[in-house]
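Engineer: mind looking at a prediction? Sequence and model below.
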Amino acid sequence: MRFHGTMTVNGQDHLSIGGCDTVDLIREFGSPLHIMDEDLFRQNCREYHKAFIEEIPGGEVAYACKAFCCQAILRIVCQEDLGIDVVSGGELYTALRAGADPSRIDFNGNNKTVEEIRYALENAVGRIIVDNFTEIETLDQIAGSLGVRPKVLLRIQPGVAAHTHQYTQTGILDSKFGLGISSGQAGDALRIMAGKQNMELTGIHCHIGSQIHEKETFAQTAQIMAAFMAGVSKDGGFQLTELNLGGGFGIQYTDADHPDTPEGYAQTILQALKEVFEQYAFPMPRRISVEPGRAIVGSTGTTLYTVGSVKGAPQTRRYVTIDGGMTDNPRPALYQAKYEMCLANKMSAPDEMTASLAGRCCEESSDVLIWDVPMPLAEPGDIVAVPSTGAYHYAMSSNYNRVGRPAIVLVSKGKAHVIVKREDYADITRNDLIPAHLLA
Ligand code: LLP
């Protein structure tokens, strides 16, 4: 298993993260448990800050908090001087509660409700990324009624098929997000937006998918967007000055993943933009934004589980069953996502068996986190660590089987702090109501 950030093996032969013994963390905070490596999270924020904000004139990084959102993490994002991309009233509320500067919040989403749009405008978010024709009218109306004139960008389908799981490709022409260039709809929408009194059209936005490694794909997208930006501005008689290229930068879950560095992505994108804008004799955008989620938070999370049983008859597969599963990590079920693992309480033990890491839910194959993985002889009570679970894990977790979500503990320099509490039975039943006639 590859080590990330502050992971080491300590004198007890235990996995340590942020200077904390993971076996002690389970004893103190219970199992299963999500660990967030604060130092690594800050380091990732800083690398994106340097590559895109410091080295690109007009560069901006908005952390896509759909990947992982809670107040403590968003406070760190603000301390590290990044903006925030939100896609719902709930994420916006969390960001505001965390003390985020509203002017550095981008509001995305393909079906924002009237209430959410009003909430965003009342709180003066920096930019609204408009998805479709209906939203142009709704936004214009609400902004007019509030007497505000928000900065707006239009979500574009650049027509790029990124090399990633089909479920996370979002830049293709058959996408529920945004409007297409080739169909003419994107141009039409921009002309309408430019004519609206109650919005300030500043630019265009796209997001081609997630867990993408090839910088060429980002370069190709940047070229398409730049050419469209220059062309449509000339034709439409308006000047677009802002370009947002979304997120999607991949991370390393296993040996099969070969992501580039933030620097590599940033410079490739910058070069691609320079070439096209020069060709069109069009000025570089005043603001060039990206919205990384996974690349900032993914590697910083590790999930710890306790082994309940080990079973398997001769000639059958062996299963190591843990006290979590698809409720805290739905990604194997949804995207056939691959992970590594280790036994955190016996780090130097050699691999002696092959087994599948099975969850505790009443599902068959969809609740197996890792298939056929070599590991040391596992026994009930062992602690399994699955790294790279910071992005789209807690954020997509569920209470299936009425299993409570694990606690999240932020670790750094030997100190551990709970940043999200474990859900107990009271939490699980909090919204249940029994009508009076059922009580009689
Ligand atoms: N911006 C927009 C408009 C997005 O839709 C997304 C992700 C991002 C930024 C951030 O993308 P990232 O840098 O994290 O790749 N649940 C899936 C991933 C869904 C991504 C959705 N949109 C998974 O677990 O792989």
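Structural biologist: Received, thanks. Numbers count the residues shown, from 1 in each chain.

Engineer: separation between the closest residue to residue 306 other than its chain neighbours and residue 398?
Structural biologist: Distance criterion CB to CB, 6 or more residues apart in numbering; nearest residue to residue 306, sequence neighbours excluded, is residue 31 at 4.2 Å. C-beta coordinates here come from the backbone N, C-alpha and C atoms, glycine included. As judged by CB to CB, to the nearest Å, residue 31 and residue 398 stand 18 Å apart.

Engineer: between these two, which has more neighbouring residues?
Structural biologist: With neighbours defined as other CB atoms under 10 Å, residue 31 and residue 398 compare such that residue 31 has more, 19 against 12.

Engineer: got a list of what that one touches?
Structural biologist: Contacts for residue 31 (CB atoms under 8 Å, 6 or more residues apart in numbering) come out as 304-306, 323, 383, 406.

Engineer: and residue 87, how many neighbours does it have?
Structural biologist: Every residue meeting other CB under 10 Å relative to residue 87 is counted, giving 20.

Engineer: where does it land on pLDDT?
Structural biologist: Looking at residue 87, its pLDDT reads 98.

Engineer: the closest residue to it other than its chain neighbours: what secondary structure?
Structural biologist: Sequence neighbours aside, residue 109 is the residue nearest to residue 87 in space, at 4.4 Å (criterion: CB to CB, 6+ apart). Under DSSP: H, G, I helix; E, B strand; the rest coil, residue 109 falls in the coil class.

Engineer: the residue nearest to residue 306 and the ligand, how far apart?
Structural biologist: Separation of residue 31 from the ligand (CB to the nearest ligand atom, to the nearest Å) stands at 23 Å.

Engineer: do the same with residue 252
Structural biologist: Taking CB to the nearest ligand atom as the measure, residue 252 falls 14 Å from the ligand.

Engineer: ok but residue 337 is inside a helix, no?
Structural biologist: No. In this structure, residue 337 is coil, not part of a helix, as judged by three-state DSSP.

Engineer: is it true that it touches residue 298?
Structural biologist: No. Using CB atoms under 8 Å as the test, residue 337 is too far from residue 298 to be in contact (11.1 Å).

Engineer: more neighbours: which of those two?
Structural biologist: More crowded of residue 337 and residue 298, by other CB under 10 Å: residue 298, with 27 against 19.

Engineer: which ones are touching that one?
Structural biologist: Applying CB under 8 Å, 6+ apart, we find residue 298 in contact with 67, 251, 388-392.

Engineer: now do the phi/psi pair for the nearest residue to it once chain neighbours are set aside.
Structural biologist: Distances taken as CB to CB, 6+ apart place residue 391 nearest to residue 298, at 3.8 Å, with adjacent residues excluded. The phi and psi values for residue 391, taken as degrees, to the nearest 10, are phi -110, psi 130.

Engineer: list the contacts of residue 391.
Structural biologist: Counted by CB under 8 Å, 6+ apart, residue 391 has contacts 67-68, 251, 293-294, 297-298, 301.

Engineer: nearest residue to the middle of this structure?
Structural biologist: Note on the chain: the residue nearest the mean C-alpha position is residue 67, at 2.3 Å, using CA atoms, centre = their mean.

Engineer: distance of residue 374 from the ligand?
Structural biologist: In terms of CB to the nearest ligand atom, residue 374 sits 25 Å off from the ligand.

Engineer: so that residue touches residue 351, yeah?
Structural biologist: Yes. Between residue 374 and residue 351 there is a contact at 4.1 Å, judged by CB under 8 Å.

Engineer: could I have the lengthiest helix in the chain exported to PDB, CA atoms only?
Structural biologist: Scanning the chain for the helix with the most residues, using DSSP state H, yields helix 215-236. The C-alpha trace of helix 215-236 is given here as PDB (Å, rounded to 0.1, in the frame of the first residue of the first chain):
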ATOM      1  CA  LYS A 215      -3.100  16.800 -19.100                       C
ATOM      2  CA  GLU A 216      -3.700  16.700 -22.900                       C
ATOM      3  CA  THR A 217      -7.400  16.400 -22.200                       C
ATOM      4  CA  PHE A 218      -7.300  19.600 -20.100                       C
ATOM      5  CA  ALA A 219      -5.300  21.300 -22.800                       C
ATOM      6  CA  GLN A 220      -7.800  20.200 -25.500                       C
ATOM      7  CA  THR A 221     -10.700  21.500 -23.400                       C
ATOM      8  CA  ALA A 222      -8.900  24.800 -22.700                       C
ATOM      9  CA  GLN A 223      -8.300  25.200 -26.500                       C
ATOM     10  CA  ILE A 224     -12.000  24.600 -27.300                       C
ATOM     11  CA  MET A 225     -13.200  26.900 -24.600                       C
ATOM     12  CA  ALA A 226     -10.700  29.700 -25.500                       C
ATOM     13  CA  ALA A 227     -11.700  29.500 -29.200                       C
ATOM     14  CA  PHE A 228     -15.400  29.600 -28.300                       C
ATOM     15  CA  MET A 229     -14.800  32.500 -25.900                       C
ATOM     16  CA  ALA A 230     -13.000  34.600 -28.500                       C
ATOM     17  CA  GLY A 231     -15.400  33.700 -31.300                       C
ATOM     18  CA  VAL A 232     -18.600  34.200 -29.500                       C
ATOM     19  CA  SER A 233     -17.400  37.500 -28.000                       C
ATOM     20  CA  LYS A 234     -16.700  38.900 -31.400                       C
ATOM     21  CA  ASP A 235     -19.900  37.700 -32.900                       C
ATOM     22  CA  GLY A 236     -22.100  38.600 -30.000                       C
END
